[in-house]
Structures are given as structure tokens and as C-alpha cells.
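In: Let's see this in three dimensions:
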Amino acid sequence: TFAPYVLYCYTEMSPDKCNSKLLLLEKYLIRSYISRRSTKNFNKECFALIHPKDNIFSIEQLLSSQEMSDTNIRTNLRFGKRENKIPTMLLFLIELHRRNVPGCGEKTLKYVYSLEHIMPQNLGSHWSIGNLPVYDDNNQMITDIQIAELTRNEKIYSLGNMTLLTRSLNSSLKNKAFCVKLDGDSKNDGIRKLSTLFITLNDIIHPYDLGDTVWDERKINKRTEDIYKEIISIW
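Out: Okay, here's the model as predicted:
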């Protein structure tokens, strides 16, 4: 929808101004996507950006709304069961950004990854509240069973509990203990062999190899917050 505005920037602006406007547009689109904002007004917004004399209107104004705020972005880093497209895209873009540094090596990737929930959507015995304590947003253990169940089910869909793999884990591994999901078993590869992405290696595998072998709400809280800070710094 915004392709005409992109062309307008390239043809009517200096290179520096064009780059600054396109960065603002990217920020606006990413934040709109995270906020689940409707796209129905994009055509009108694009027209208004190309004809500023007729419309007192700017991307800066759009970004100043509460809907686009950092607070709202943090709140919306939790996704429903059928919202895999948004976290998959975000994690992929964050991976590209992490690779865009000197000495990184390969910086290009194909968008062919499968989203994986580290704490599984179907908890099974290992991930049940009876076997693995539940922690709140302040990393305090929750003793109330009902609150614990609600918290665990909510945290499963936080961005910090997700990563990207070259293909889905075998169904026999998905609900197994964290160590089994990571290293696999005699028949199936685990997360370690299905991803060489920084978002997996640096965030999940390296801490595990250094002895941090428990994956629970405390880990999810920290990783979600770390990714949130990345998103805010990029967009």
C-alpha cells in the first residue's frame, strides 16, 4: 500500500531525507503490526503523506498516538494461539538486525523458518505446575494454583518463549523436558541442531551450556524484556 510513498521519497527528496522518512515509515508499519492495528486506513494515509499541502499529516503524528507507544508495544508482545505470523516476522527481523554488524559473516537469510514455543503449548507432565514452579512478572513463585495456571498459559505465548527453527521439532519432542527439546533424542534432532540463528544460540543454547539449564517464567520474562528493548532500539 505504501509503495507510492516509497517512490515519492526516492524521486522527490534528497537521499538523507529519503532515508529518514523511510526509517520512520518502517517504524510505523512495524509498530502497527505489533499493535494489531487495522490496515484499512493505509491507502488514505499514503495519499496524505504524498500530498502534505492538502493534508496536515505526518508519520511523526501517527507515531505519537498511544497505540504506537513503547508501553503498548511491550503489552502486545504476547500472542494468541493463531498469531504465529507476527512473532515469526519479528524474530526474523531481529535476527537480521543482529547480523548487520561488522564481522558477523552471513547477513542474508531466507524467510523459511518454523516458529517454536520452548515451553510447549501442550504442557505435558514435565511442564505442569506440579513439576515446575511458576513465577510472576517480579520473578516471585506463585503458590495459588489458579493464578499459577493462568500465568503459565499466558507466558507460553510471550515472544521471549519463542524461537525459529529450520523445521518443526518432531511431535515426540515438543512436550518433553527442556534438555530433551534442546538436544533431541536417539531418533530426532533437537533445537540445537535445527537452528544456527543468534536468537537461538545466544539467547537459549549458550546460557544452557554455561549451566543455566532451567527454562521457566523467569527466563521468559527476561528474554521478552531483552527483545522488547531491541525492538524499541530498532523501531
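
In: The residue lying closest to residue 2 once chain neighbours are set aside: what's it in contact with?
Out: Closest residue to residue 2 apart from its sequence neighbours, by CB to CB, 6 or more residues apart in numbering: residue 46 at 5.2 Å. Every C-beta, even on glycine, is put in place using the N, C-alpha and C of the backbone. Counting by CB atoms under 8 Å, 6 or more residues apart in numbering, residue 46 touches 1-2, 4-5.

In: which parts of the worst-scoring helix or strand of the chain on mean pLDDT are buried?
Out: Sorted by mean pLDDT, DSSP states H and E, the helices and strands of the chain end with helix 59-63, the least confident at a mean of 87. Judged by neighbour count (16 or more other CB atoms under 10 Å), helix 59-63 contains these buried residues: 59, 62-63.

In: hang on, residue 37 packs against residue 65?
Out: No: between residue 37 and residue 65 there is no contact under CB atoms under 8 Å: 9.3 Å.

In: tell me what the longest helix anywhere in the chain is packed against?
Out: Identified as the longest helix of the chain according to DSSP state H is helix 15-34. Secondary-structure packing of helix 15-34 (3 or more CB pairs under 8 Å, 6 or more residues apart in numbering; DSSP states H and E): helix 3-12, helix 59-63, helix 85-99.

In: circling back: and the least confident helix or strand of the chain, how far out from the chain middle?
Out: 23 Å (CA atoms, centre = their mean, to the nearest Å).

In: Name the helix or strand for residue 120, please.
Out: Remark: residue 120 resides in no helix or strand, with elements defined by DSSP states H and E.

In: How many residues are close by it?
Out: A count of nearby residues for residue 120, using other CB atoms under 10 Å, gives 19.

In: Equivalent analysis for residue 224, please.
Out: For residue 224, the neighbour count with other CB under 10 Å is 21.

In: Over to residue 121?
Out: Using other CB under 10 Å, residue 121 has 13 neighbouring residues.
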